[in-house]
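Student: Quick one: sequence plus predicted model below, questions after.
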Amino acid sequence: MAIEILFAADPRDPVPLYCKYANELQPKPAYISLNPESRTIDADYNGEIGNGIPCSVFNGKAYRWKIPADLPAASVLSFVDEHSAFFDAVCDGYAEVYDGCNYVGRLNDEAQRANEFLDRLTEELQASEDRISVCDTAEYIREQGLCELWPDGYSLQQAATQLLEDAGADDDCHVTGLDAASCVDAIVEKARGYNGDIPERMKPDLLPLEGFDVSDFDDFEDDE
């Protein structure tokens, strides 16, 4: 019997299992989870505080394997298809029993071996060449200078539009949360951290914003 794979996010997203909160350095752990009764696999990230696990996993009614969060959906689907025999073995050797307190899941010896083998196979995915480089807009422009991001003759909005086009077309890195507003914010933050006087040409766009003063610019005297 075929096993159905359900993505919590849109599988058309380049990295549907990737989620990194603003106050955290690493993305949330991603996983595939098998429900042996329904023979379905959920692909999602663990949004639990402290990376806790649901009762179904704790009680052995579902089986979860950690995978890289930066894998594309096609690679996850390919992995499950290639190793479907092991997922089938877990389902076929599963039974629900009463342990005196709760109904819990149990695996026979063959199913447990398949479960442990899937542990090893998913661990090997850490070295997969399919993994995609992922960053946010601020990380994407970290090595670029302010004047490179904001060319002469461009307004802030025009510079943000160009950044949006460039980042969206970059095949080497997927930029999360990429939109016009994030590009504007990233360029403004780059200006706030600029080492030296900000070019005068940027003053009309930046001076009305919080955190900027006329003394921040290289020539702050008004033309007579």
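Tutor: Right, received. Where do you want to start?

Student: residue boundaries of the helices in this structure?
Tutor: 55-58, 73-82, 84-92, 109-124, 137-140, 146-149, 156-168, 180-192, 203-206 (DSSP state H).

Student: would CSV of those with mean neighbour count and distance to Glu48 be doable?
Tutor: Where you see a C-beta, it was placed from the backbone N, CA and C, and this is true even at glycine. Output for the helices of the chain, formatted as CSV (neighbours: other C-beta atoms under 10 Å; distance: least, C-beta to C-beta, whole Å):
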stretch, mean neighbour count, distance to Glu48
helix 55-58, 12, 11
helix 73-82, 16, 20
helix 84-92, 18, 23
helix 109-124, 15, 19
helix 137-140, 19, 25
helix 146-149, 16, 37
helix 156-168, 17, 31
helix 180-192, 19, 27
helix 203-206, 17, 41
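
Student: Can you check which of the ones you listed gets nearest to Ile67?
Tutor: Of all these, it is helix 109-124 that lies closest to Ile67, at 5.3 Å by C-beta to C-beta.

Student: re earlier: adding distance to Asp218 and mean pLDDT, write the helices of the chain out as a markdown table.
Tutor: Formatted as a markdown table, the helices of the chain follow (distance: least, C-beta to C-beta, whole Å; pLDDT from 0 to 100):
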| stretch | distance to Asp218 | mean pLDDT |
| --- | --- | --- |
| helix 55-58 | 59 | 92 |
| helix 73-82 | 48 | 95 |
| helix 84-92 | 63 | 96 |
| helix 109-124 | 54 | 98 |
| helix 137-140 | 24 | 92 |
| helix 146-149 | 12 | 96 |
| helix 156-168 | 17 | 96 |
| helix 180-192 | 13 | 96 |
| helix 203-206 | 9 | 96 |
